[in-house]
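Peer 1: here's my sequence, what's the structure:
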Amino acid sequence: MIGEQIRKVQAEIMAARARRTRVSKDAPVELIAVTKNHPVTAMQEAIDAGLMNIGENRIQEAMDKAETLEREVKWHLIGHLQTNKAKHAVRLFDLIHSVDSVHLARAIDRAAEKFGKVQNILVQVNLAREESKSGIYREDLEELLAAIDGMDSIRLQGFMCIAPNYEDVEQCRPLFRAMYELFQQTKAAEPHKADIRYLSMGMTHDYRIAVEEGANLVRVGTAIFGARDYTLGV
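Peer 2: Numbers count the residues shown, from 1 in each chain. Below you'll find the predicted structure:
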């Protein structure tokens, strides 16, 4: 069942790549399975079907699952990160998508230095300026990127965004297009310590449009696993 759903999503991604008009149709897209509130058995089934990218929103849930997963995966933190939990995030996650302030970046940098690790990160940008969502506003981004470039134990690898949950999903397109332009501009003027390669945008309801507009990481949960069980103890 999960394997079949993964194949459907991957087919949709391929179709969306073929519809690209402003972005190379050959540029690959990686699928992240968002496993919040889904059991380890479902995660194992997805991994055994070929997925290697696991996205979690909460650190404690991810840590609990990692103890029994018994699979080698790439861990992505896609939820908001509090500075006091930076050390736990650095210990487990390969890529942190949700860096949105200088304060948080410094906390991650300090934690990574203690672990002898260079932590790969994405900066979360709130282009839609939604008060209910995390992410740095566009006008504050330059200061954050400059600060990150002065840190030795984190490496900027791109950007993440979350589009508003529009009833008409086509309304996401201008935002995704603007994010791709920002991604390309930053890549062209790449800070010397950065390695700009990822644009993380698109979830179950809007990932097709995100891929059409240049996303190369998409975060999909419901389309793979079905509805979440919020009563599940994990």
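Peer 1: distance check, residue 223 against residue 6.
Peer 2: Residue 223 is 9 Å from residue 6, where distance means C-beta to C-beta, to the nearest Å. Every residue, glycine included, has its C-beta placed from N, CA and C.
Peer 1: who has more neighbours out of the two?
Peer 2: More crowded of residue 223 and residue 6, by other C-beta atoms under 10 Å: residue 6, with 21 against 18.
Peer 1: can I assume that one sits in a helix?
Peer 2: Yes: applying DSSP: H, G, I helix; E, B strand; the rest coil, one finds residue 6 inside a helix.
Peer 1: spit out the contact partners of it.
Peer 2: Taking C-beta atoms under 8 Å, 6 or more residues apart in numbering as the contact definition, residue 6 lies against 31, 33, 46, 49-51, 224.
Peer 1: mind putting those residues into a markdown table with neighbour count, secondary structure and pLDDT?
Peer 2: Formatted as a markdown table, the contacts of residue 6 follow (neighbours: other C-beta atoms under 10 Å; DSSP: H, G, I helix; E, B strand; the rest coil; pLDDT from 0 to 100):
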| residue | neighbour count | secondary structure | pLDDT |
| --- | --- | --- | --- |
| 31 | 21 | strand | 98 |
| 33 | 27 | strand | 98 |
| 46 | 25 | helix | 97 |
| 49 | 16 | coil | 96 |
| 50 | 11 | coil | 96 |
| 51 | 25 | coil | 96 |
| 224 | 26 | helix | 97 |
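Peer 1: and which of those residues is nearest to residue 148?
Peer 2: The closest of these to residue 148 turns out to be residue 31 (C-beta to C-beta; 26.7 Å).
Peer 1: partners of that closest one in the sheet?
Peer 2: Per DSSP bridges, the residues bridged to residue 31 are residue 218.
Peer 1: that one and residue 10 touch, don't they?
Peer 2: Yes: here residue 31 reaches residue 10: they are 6.4 Å apart, a contact under C-beta atoms under 8 Å.
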